[in-house]
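Trainee: Predicted coordinates and the sequence they were generated for:
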Amino acid sequence: MAGLTQWGGRARGQYLFDRLAGHALSLGIKPTRARITPYTNTIKPSDQPRYPGDLEVEEKLSGALRWNALVMVVRANRAYGELGGHIASYASAADIFEVGFNHFFRVG
């Protein structure tokens, strides 16, 4: 793999690894390694409470937030090309804040 990544770069190595892993799974070959992360959900899905919101409304809000992220980054790049901006990062942060403020952060 070292020769591959030296020749094709890390992205190419990751791509080939992912393709190989996908092919192995399609043949029914399961990984024997433990999970990469030690974190696991200890609450069974059947024991989880119902989502405390209106998913249809929240999907519409999320779409509006992503559109707003796109517009803000494009406008900033037109006005000040050196600013850059990552649309997905802004959209992800907006979703995280929306969920946090509407479902977790409580006053009193």
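Mentor: Nice, I can see it.
Trainee: what ranges do the helices span in the chain?
Mentor: 2-26, 55-79, 87-99 (DSSP state H).
Trainee: OK, contacts around the residue positioned nearest the centre of the chain?
Mentor: Nearest to the mean C-alpha position of the chain, counting by C-alpha atoms, centre = their mean, stands residue 92 at 7.5 Å. Residues counted as contacts of residue 92 (C-beta atoms under 8 Å, 6 or more residues apart in numbering): none. (Each C-beta comes from the backbone N, C-alpha and C, glycine too.)
Trainee: how close does it sit to residue 56?
Mentor: From residue 92 across to residue 56, the span is 21 Å (C-beta to C-beta, to the nearest Å).
Trainee: Likewise for residue 47?
Mentor: Taking C-beta to C-beta, one finds residue 47 at 25 Å from residue 56.
Trainee: related to what we said a few turns ago, residue 43 is nearest to which of the helices of the chain?
Mentor: helix 87-99 (17.6 Å; C-beta to C-beta).
Trainee: any idea how far that closest one is from the chain center?
Mentor: Helix 87-99 has its C-alpha centroid displaced from the chain centroid by 10 Å (C-alpha atoms, centre = their mean, to the nearest Å).
Trainee: Likewise for stretch 56-64?
Mentor: In terms of C-alpha atoms, centre = their mean, the gap separating the centre of stretch 56-64 from the centre of its chain is 17 Å.
Trainee: Kindly report the same for stretch 23-33.
Mentor: 24 Å.
Trainee: measure that stretch end to end?
Mentor: Taking C-alpha to C-alpha, to the nearest Å, the first and last residues of stretch 23-33 lie 17 Å apart.
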